[in-house]
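Undergrad: Okay, predicted coordinates and the sequence, questions at the end:
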Amino acid sequence: MSESTATSTFDTLDDLPPEQRVLVRLDLNSPIVDGEPQDNRRFERHAKTVRELAEAGHRVVLLAHQGRPGRDDFVSLSGHAEILASHLGRDVGFVADTYGTTAIDAIEGLGGGEILLLENTRMCDDELPEEDPETKAETEFVRALAPHFDAYVNDAYSAAHRSHASLVGFPLVLPAYAGRVMETEYEANTAIAAKEFDGRVTMVVGGTKATDVIDVMNNLGTTVDDFLLGGIAGELFLRAAGHPVGFDLDPDADLYDSQWEANHAVVEAMLDECGDQITLATDLAYEDEDGERAEIDVDAIEEKDVSFLDVGTDTAEGYADVVRDSEAVFVKGALGVFEDERFSVGTVTVLEAIAETDCFSVVGGGDTSRAIGMYGMDEANFGHVSIAGGAYIRALTGQPLAGVEALKRD
Ligand SMILES: Nc1ncnc2c1ncn2[C@@H]1O[C@H](COP(=O)(O)OP(=O)(O)O)[C@@H](O)[C@H]1O
Ligand SMILES: O=C(OP(=O)(O)O)[C@H](O)COP(=O)(O)O
């Protein structure tokens with residue numbers, strides 16, 4: 001089994017000299033409700049890195065982004081500082097500035113073990129355009145902040161697919177280290193590209209972003225033995241296999257039709273060329289006239305006149321059997337609308353099967369991983385629950401991540 005470990009790839013916090021002024025990039029990008037950030041796994045995970053640095057007596061200055069300019073989720077990080085403080089049990093100072101004099105004064109006033117969060121990096125013009133690291137290192141943002149620090153720590157694996165100043169500029173001008181989240185996410189998420197498994201490798205594919213997962217499947221055919229399909233992608237594959245499903249019933253909804261247009265040629269080719277690796281649902285679940293969960297065999301569907309919201313119980317149990325026989329299982333996307341308990345059977349049956357066995361497992365995607373806590377499963381029973389979505393998908397297909405590449409030891 002060949003493996004690229006974080007410690008063989010990066011300098012880590014274990015290599016950091018004492019009493020440093022440390023600039024730390026986190027990914028605190030969160031759902032925003034009524035203008036307020038919602039607590040989530042990202043805070044809990046990053047708190048571990050921040051606590052370790054503060055307890056070691058370093059002066060800790062945090063950089064993070066929230067949302068995208070022009071969107072409702074593009075807000076200040078002041079609320080994020082409070083949530084992070086609640087996870088740390090320590091004060092987290094905040095300044096509504098990133099590299100101006102207010103920020104620099106606050107940085108210079110920091111004592112050992114103290115923590116300061118700077119304002120949303122995407123409020124700086126230099127942050128966002130995707131440019132190469134050398135260009136980003138030349139920006140005013142990087143040039144103004146870097147001289148106030150001894151070291152840069154990148155903990156933001158889930159944002160590392162972006163070539164933004166705070167992710168790729170600083171590691172060129174400061175000694176750079178991987179934080180604890182970066183280390184664990186890197187090892188788990190690159191495993192499928194870097195590891196060789198002797199036994200069966202299974203990937204559970206569902207959710208709504210069919211275009212993303214179909215691309216992943218198309219790139220992983222030689223690594224993955226069995227793809228178990230559900231969600232929107234599953235229905236698109238059933239359509240390609242000749243079943244009268246996989247289109248939008250409501251013309252205003254856009255879950256199926258445009259993704260079918262974009263992907264049907266690839267899906268048809270995959271069924272042709274590697275159909276024996278792809279398992280499709282044999283039954284599906286829907287809401288009946290009484291509001292109850294009902295199921296139908298796929299072969300009995302003559303016409304789609306209801307929305308299919310989960311795989312059926314037989315399919316779920318068949319998928320769980322495959323999982324129990326696997327050496328490694330990777331999950332991307334839920335098999336049904338698990339947020340509604342009636343349609344959680346597919347997702348929960350498969351996740352519980354993973355939790356019961358000692359296979360190597362990674363559950364990725366911010367939405368899908370929420371099912372673990374929601375249905376009382378213990379995160380400790382999974383190999384890794386990733387806080388990354390886009391970065392996880394790219395890592396699964398072996399694509400390099402700009403922020404990770406910039407951080408690698410020379
Ligand atoms: N048949 C379906 N119809 C509508 N939504 C579905 C269906 N199956 C799964 N989903 C939804 O997919 C979501 C998770 O997938 P997605 O957002 O693509 O992935 P991620 O976990 O990467 O954020 C869940 O919130 C679930 O409700
Ligand atoms: O939340 C993130 O990505 P994700 O939703 O793919 O996990 C990252 O913070 C990147 O954010 P972006 O997709 O606005 O660049």
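TA: Arrived safely. On a predicted model such as this, the values are computed, not experimentally measured, just so you know. Numbering: from 1, shown residues only. Ligands and ions are numbered 1, 2, ... in the order given.
Undergrad: Spell out the residue ranges of the strands in the stretch 101-250 of the chain.
TA: 115-117, 151-154, 176-178, 201-205, 226-229 (DSSP state E, counting those that start in this stretch).
Undergrad: other SSEs contacting the third one?
TA: Contact analysis of strand 176-178 by 3 or more C-beta pairs under 8 Å, 6 or more residues apart in numbering; DSSP states H and E lists strand 151-154, helix 402-407 as its packing neighbours. For the C-beta atoms, the positions are set from N, CA and C on the backbone; glycine is no exception.
Undergrad: Kindly report the same for the last one.
TA: Applying 3+ C-beta pairs under 8 Å, 6+ apart, one finds that strand 226-229 makes contact with strand 201-205, strand 278-279, helix 313-324.
Undergrad: Is it positioned near ligand 1?
TA: No. Contact between strand 226-229 and ligand 1 is absent, the nearest approach being 10.7 Å (criterion: C-beta under 6 Å from any ligand atom).
Undergrad: quick one: contacts of that strand?
TA: Strand 226-229 has contacts (C-beta atoms under 8 Å, 6 or more residues apart in numbering) with 200-206, 217, 237, 277-281, 319, 322-323, 326, 350.
Undergrad: what would the strands of the stretch 101-250 of the chain look like in CSV with mean neighbour count and mean pLDDT?
TA: Output for these, formatted as CSV (neighbours: other C-beta atoms under 10 Å; pLDDT from 0 to 100):
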stretch, mean neighbour count, mean pLDDT
strand 115-117, 23, 98
strand 151-154, 27, 98
strand 176-178, 24, 98
strand 201-205, 26, 95
strand 226-229, 24, 98
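Undergrad: can you redo those strands as JSON lines with distance to residue 365?
TA: Putting the strands of the stretch 101-250 of the chain into JSON lines (distance: least, C-beta to C-beta, whole Å) gives the following:
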{"stretch": "strand 115-117", "distance to residue 365": "26"}
{"stretch": "strand 151-154", "distance to residue 365": "22"}
{"stretch": "strand 176-178", "distance to residue 365": "22"}
{"stretch": "strand 201-205", "distance to residue 365": "11"}
{"stretch": "strand 226-229", "distance to residue 365": "15"}
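Undergrad: Lowest average pLDDT across the helices and strands packed on strand 226-229?
TA: Note on the helices and strands packed on strand 226-229: strand 201-205 shows the lowest mean pLDDT, a mean of 95.
Undergrad: could you redo the helices and strands packed on strand 226-229 as TSV and give each row distance to ligand 2?
TA: Shown next, in TSV, are the helices and strands packed on strand 226-229 (distance: least, C-beta to the nearest ligand atom, whole Å):
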stretch	distance to ligand 2
strand 201-205	16
strand 278-279	25
helix 313-324	24
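Undergrad: And the helix-or-strand element of the chain with minimal mean pLDDT, how far out from the chain middle?
TA: Of the helices and strands making up the chain, the lowest-confidence element is helix 191-194, at a mean of 72, by mean pLDDT, DSSP states H and E. Taking C-alpha atoms, centre = their mean, to the nearest Å, one finds helix 191-194 lying 16 Å from the centre of the chain it belongs to.
Undergrad: burial measure for residue 218, as a count.
TA: Here the count is done by other C-beta atoms under 10 Å, and residue 218 has 15 residues near it.
Undergrad: An error on my part: the question was meant for residue 376.
TA: Each residue near residue 376 was counted by other C-beta under 10 Å, and the total is 8.
Undergrad: And residue 380, by the same measure?
TA: Neighbours around residue 380, by other C-beta under 10 Å: 7.
Undergrad: now residue 298
TA: Look at residue 298: counted by other C-beta under 10 Å, it has 19 neighbours.
Undergrad: any idea of the pLDDT on it?
TA: Per-residue confidence (pLDDT) for residue 298: 98.
Undergrad: cool, residue 171 as well?
TA: Residue 171 is assigned 98 on the pLDDT scale.
Undergrad: could you measure it against residue 110, distance?
TA: 22 Å (C-beta to C-beta, to the nearest Å).
Undergrad: Who has more neighbours out of these two?
TA: Under the criterion of other C-beta under 10 Å, the comparison of residue 171 against residue 110 puts residue 171 first, with 23 against 17.
Undergrad: Need the nearest residue in space to the more buried one, chain neighbours excluded.
TA: Closest residue in space to residue 171, ignoring its immediate chain neighbours: residue 406 at 4.5 Å, by C-beta to C-beta, 6 or more residues apart in numbering.
Undergrad: where are the low-confidence patches of this structure?
TA: Counting by pLDDT under 70, the ranges of the chain that qualify are 1-4, 192.
Undergrad: one step back: pick the most buried one from the helices and strands packed on strand 226-229.
TA: strand 201-205 (a mean of 26; mean count of other C-beta atoms under 10 Å).
Undergrad: just to revisit the earlier point, tabulate the helices and strands packed on strand 226-229 (JSON lines), appending distance to residue 361.
TA: Listed next are the helices and strands packed on strand 226-229 as JSON lines, based on distance: least, C-beta to C-beta, whole Å:
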{"stretch": "strand 201-205", "distance to residue 361": "10"}
{"stretch": "strand 278-279", "distance to residue 361": "18"}
{"stretch": "helix 313-324", "distance to residue 361": "9"}
